[in-house]
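Asker: return a 3D structure for these sequence lines:
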Amino acid sequence: LGLPGEVTGIEVDENLGCPGGRNVGLARLREFADVDVVVELDDDGLLVDADVLRKVRDLYTADPRLGIVGFRIADEHGETQRRHVPRVGAKDPMRGGPVTGFLGGGHALSMPMLARIGDWPAEFFFAHEETDMAWRAIDDGWTVLYEPELLLQHPKTSPARHAIY
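Answerer: The predicted structure is shown next:
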């Protein structure tokens, strides 16, 4: 793949889907033993703010029960599609706060939370794995937060682009 020296690639023998592939990455991170928070991004996404990781660190430092932080997803023109706002009837993509779901395209996960609730549901392969994880986190007393200032720029797409639809 031609990855930079500080990037570790992990080869798998088959397509494990989004959650299965993320679980492989989480298992590798656990080998380092000192990871508190993991940030997962779509491969076609771009963090446009250089301070995103610092802001994520500050959020987790301020709240030890913060389990998941969902990023705002916007296209290259700054538009956030309504389906990308994790709130029923959401009209304002800039309204952050506690939510019951998040988008897999850009988010942060507490490793202590994952140790309690488990990893991604690999059997889901693609779709609804975020809802499952968010609800397990909430059931265990963790906060799921939508933070619109954490922006992931992502090309405007339709969910129907995937064969599973």
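Asker: find the least confident helix or strand in the protein, judged by mean pLDDT.
Answerer: Using mean pLDDT, DSSP states H and E, the weakest-scoring helix or strand in the chain turns out to be strand 46-47, at a mean of 93.
Asker: which neighbours does that one have in its sheet, and in what orientation?
Answerer: Note on strand 46-47: by DSSP bridges, its sheet partners are strand 143-153 (antiparallel).
Asker: quick one: buried residues of the strand it pairs with?
Answerer: If you call a residue buried by 16 or more other C-beta atoms under 10 Å, then strand 143-153 has these buried ones: 143, 144, 145, 146, 147, 148, 150, 151, 152, 153. Where C-beta positions appear, they are placed from N, C-alpha and C, glycine not excepted.
Asker: what comes into contact with stretch 86-106?
Answerer: Residues external to stretch 86-106 that are found in contact with it (C-beta atoms under 8 Å, 6 or more residues apart in numbering): 18, 39-42, 45, 47, 68-74, 80, 82, 84-85, 129-131, 134-135, 138, 143-150, 152, 154.
Asker: how does it look with 7 Å?
Answerer: The set of residues external to stretch 86-106 that reach it, using C-beta atoms under 7 Å, 6 or more residues apart in numbering, is 18, 41-42, 45, 68, 70-73, 80, 82, 84-85, 129-131, 134, 138, 143-148, 152, 154.
Asker: buried ones among these?
Answerer: 18, 41-42, 45, 68, 70-73, 80, 84-85, 129-130, 134, 138, 143-148, 152, 154.
Asker: tell me where this protein has strands.
Answerer: If DSSP state E is used as the criterion, the strands of the chain fall at 37-41, 46-47, 66-74, 97-98, 106-110, 143-153.
Asker: how about TSV for those, with distance to residue 55 added?
Answerer: As requested, these are arranged in TSV below (distance: least, C-beta to C-beta, whole Å):
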stretch	distance to residue 55
strand 37-41	11
strand 46-47	11
strand 66-74	9
strand 97-98	16
strand 106-110	10
strand 143-153	6
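Asker: between the ones you listed, which one is nearest to residue 117?
Answerer: In terms of C-beta to C-beta, the element of the strands of the chain nearest to residue 117 is strand 66-74, at 7.9 Å.
Asker: now the angle from the closest one to strand 37-41?
Answerer: 20 degrees (axes from the mean of the first three to the mean of the last three C-alpha atoms, to 10 degrees).
Asker: give the rounded mean pLDDT of strand 66-74.
Answerer: For strand 66-74, the per-residue pLDDT values average out at 96.
Asker: over to stretch 148-162?
Answerer: pLDDT averaged over stretch 148-162 equals 78, rounded to a whole number.
Asker: cool, thanks, talk later.
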